[in-house]
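>>> quick one: sequence and predicted model below, then my questions.
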Amino acid sequence: METGPTQRHVQIKSSFVGSSTRVQKINRKLEEKTGGCVVWIFFERETLAINHYRWFGADCPRSEMPSLGHRVVKHVKGNAQGVKSVRPGLRALVWGDFRHVGSTSELASLLFPNDLTREKTVA
């Protein structure tokens with residue numbers, strides 16, 4: 001995603017409100033990208049309307065994202081011997097790693113804080 005000179009590398013996840021999902025698998029290559037972040041969208045199951053978001057990333061789009069940590073992800077299915085091998089390119093983020101974001105405008109301010117402020121000032 002980009003606006004003006006600012007670019008964000010975003011991994012998008014989604015869950016319905018009330019879902020039991022509390023862990024998301026995140027690609028480690030995102031850590032290599034300046035402005036990398038994860039947006040977890042929560043929507044109403046019946047209407048698909050967005051309820052809120054959860055955010056993981058740096059506040060400044062020109063900064064590195066916080067570390068994804070060391071929680072490894074394993075394959076869901078085992079091999080012929082039943083062993084679930086590690087997926088080295090992924091890390092697990094849990095619910096508490098994300099920050100609650102209540103509105104789309106708040107999310108836009110997190111994604112592009114300076115660019116949106118500049119546009120409001122010019123307009």
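That came through fine.

>>> for this structure, which segments count as strands?
Under the criterion DSSP state E, the chain carries strands at the ranges 2-3, 6-7, 9-16, 23-27, 36-43, 50-57, 72-74, 86-94, 99-101.

>>> kindly calculate the angle that the longest one makes with strand 9-16.
With axes from the mean of the first three to the mean of the last three CA atoms, to 10 degrees as the criterion, the two stretches strand 86-94 and strand 9-16 enclose an angle of 70 degrees.

>>> restricting to C-alpha, output strand 86-94 in CSV.
Extracted in CSV, the C-alpha atoms of strand 86-94 (Å, rounded to 0.1, in the frame of the first residue of the first chain):
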residue,chain,number,x,y,z
VAL,A,86,8.6,-26.7,11.5
ARG,A,87,7.8,-24.0,8.9
PRO,A,88,11.0,-21.8,9.2
GLY,A,89,9.6,-19.0,7.1
LEU,A,90,6.7,-18.3,9.5
ARG,A,91,6.3,-17.0,13.0
ALA,A,92,3.2,-17.0,15.3
LEU,A,93,1.8,-13.8,16.7
VAL,A,94,-0.8,-14.2,19.4
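
>>> okay, now the unreliable bits of this structure?
115-123 (pLDDT under 70).

>>> what residue of it is the furthest out?
Residue farthest from the centre of the chain, counting by CA atoms, centre = their mean, is Gln81 at 33.9 Å.

>>> ramachandran angles for that residue?
Note on Gln81: backbone dihedrals following degrees, to the nearest 10 are phi -90, psi 0.

>>> residues contacting Ser103?
With contact set as CB atoms under 8 Å, 6 or more residues apart in numbering, Ser103 has these partners: His52. All C-beta spots, glycine's among them, are computed from the backbone N, C-alpha and C.

>>> before I go, just wanted to say thanks for your time.
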